[in-house]
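Colleague: dropping the sequence and predicted coords here.
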Amino acid sequence: MAAANALGFTVSLSPSPAPMRGTVTPLDLTQVIGDALPRKQTGAAMNELLSRAMRAIADSQSLQDERQLLTGEQRLNRSELRRAVFESAMARVEIRARRDDAAAKMS
């Protein structure tokens with residue numbers, strides 16, 4: 001991301017499949033860096049710059065993956081919460097039914 005920021009671009013971690021304006025894909029970043037470097041740059045300098053850019057992209061993708069995992073965990077937690085609420089409601093219904101049965105037997 002530092003390479004993209006140095007060139008005036010921002011790397012977006014947008015989860016949307018279609019890149020939004022201002023987002024940089026790995027291919028775009030490679031092309032921009034290649035166009036921005038003077039042609040006299042050595043292959044080693046170009047490789048180092050591309051290596052840094054690709055590490056930045058990998059880091060941003062790792063962050064996005066972590067966000068997606070967190071979203072999955074949140075969904076799981078919500079479903080567990082729904083299940084617990086349902087089980088609690090069913091237990092209350094069962095308690096009421098037993099109470100009603102006991103009251104009916106006593107009368």
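Modeller: Nice, thanks for sending it over.
Colleague: who touches stretch 78-85?
Modeller: Under the contact criterion Cβ atoms under 8 Å, 6 or more residues apart in numbering, stretch 78-85 has no outside partners. Every C-beta, even on glycine, is put in place using the N, C-alpha and C of the backbone.
Colleague: output it as CSV, nothing but the C-alphas.
Modeller: The C-alpha coordinates for stretch 78-85 follow below in CSV (Å, rounded to 0.1, in the frame of the first residue of the first chain):
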residue,chain,number,x,y,z
ARG,A,78,-26.2,-14.7,15.9
SER,A,79,-27.5,-18.2,14.9
GLU,A,80,-26.4,-19.6,18.3
LEU,A,81,-28.1,-16.7,20.0
ARG,A,82,-31.3,-17.3,18.0
ARG,A,83,-31.1,-21.0,18.9
ALA,A,84,-30.6,-20.2,22.6
VAL,A,85,-33.6,-17.8,22.6
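Colleague: tell me the confidence at T23?
Modeller: Among the per-residue scores, T23 holds a pLDDT of 55.
Colleague: now do the one 3 residues further on
Modeller: As predicted, P26 sits at a pLDDT of 60.
Colleague: one more: D35?
Modeller: The per-residue pLDDT reported for D35 equals 63.
Colleague: do the same with R98
Modeller: R98 is given a pLDDT of 90.
Colleague: repeat that for the one 3 residues further on.
Modeller: For D101, the model assigns a pLDDT of 89.
Colleague: what about this protein, any weak spots by pLDDT?
Modeller: 1-43, 46 (pLDDT under 70).
Colleague: biggest helix in it, by residue count?
Modeller: Taking DSSP state H as the criterion, the chain has its longest helix at helix 43-106.
Colleague: number of residues surrounding A53?
Modeller: 23 (other Cβ atoms under 10 Å).
Colleague: that one and N47, how far apart?
Modeller: Taking Cβ to Cβ, to the nearest Å as the measure, A53 falls 11 Å from N47.
Colleague: for D100, same thing?
Modeller: Relative to N47, and taking Cβ to Cβ, D100 is found at 78 Å.
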